[in-house]
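Chemist: 3D, please:
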Amino acid sequence: MAKNKQEIIYLLANKYDLPLQEIEEIVEHQFKFVARIMKEGKFDSIRLPYFGKFTVNRKRLAYIKKLSKDAK
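Modeler: Purely as a prediction, here's the structure:
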């Protein structure tokens with residue numbers, strides 16, 4: 001089993017015969033999507049196969065929201 005993101009990207013590129021850059025964009029988009037959904041508060045945790053389970057730290061989220069309001 002792959003141990004890090006770069007290894008997974010390489011394995012997927014070889015398996016599906018696609019350019020590394022294209023696979024990397026797909027993987028990065030997946031992380032951006034997860035971050036957006038979690039910021040919206042739709043889920044407390046999200047599991048990505050091969051990458052693990054990601055959870056929201058509620059105190060940190062409140063702090064980030066406060067900073068973004070103060071910046072406006």
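Chemist: And the residue nearest the centre of the chain, how far from residue 71?
Modeler: Nearest residue to the geometric centre of the chain (Cα atoms, centre = their mean): residue 31, 1.9 Å. Per Cβ to Cβ, to the nearest Å, residue 31 is found 24 Å from residue 71. In this view, the C-beta of every residue, glycine as well, is placed from N, C-alpha and C.
Chemist: And for residue 54?
Modeler: 25 Å.
Chemist: So in that sheet, which strands flank the host helix or strand of residue 47, and in what orientation?
Modeler: When elements are assigned from DSSP states H and E, residue 47 belongs to strand 45-48. Applying DSSP bridges, strand 45-48 is found paired with strand 52-55 (antiparallel).
Chemist: what does the average pLDDT come to for the strand it pairs with?
Modeler: Strand 52-55 carries an average pLDDT of 84.
Chemist: Give me the distance between the next helix or strand after it and the centre of its chain.
Modeler: As assigned by DSSP H and E, the chain's next helix or strand after strand 52-55 is helix 58-71. Helix 58-71 sits 20 Å away from the centroid of its parent chain (Cα atoms, centre = their mean, to the nearest Å).
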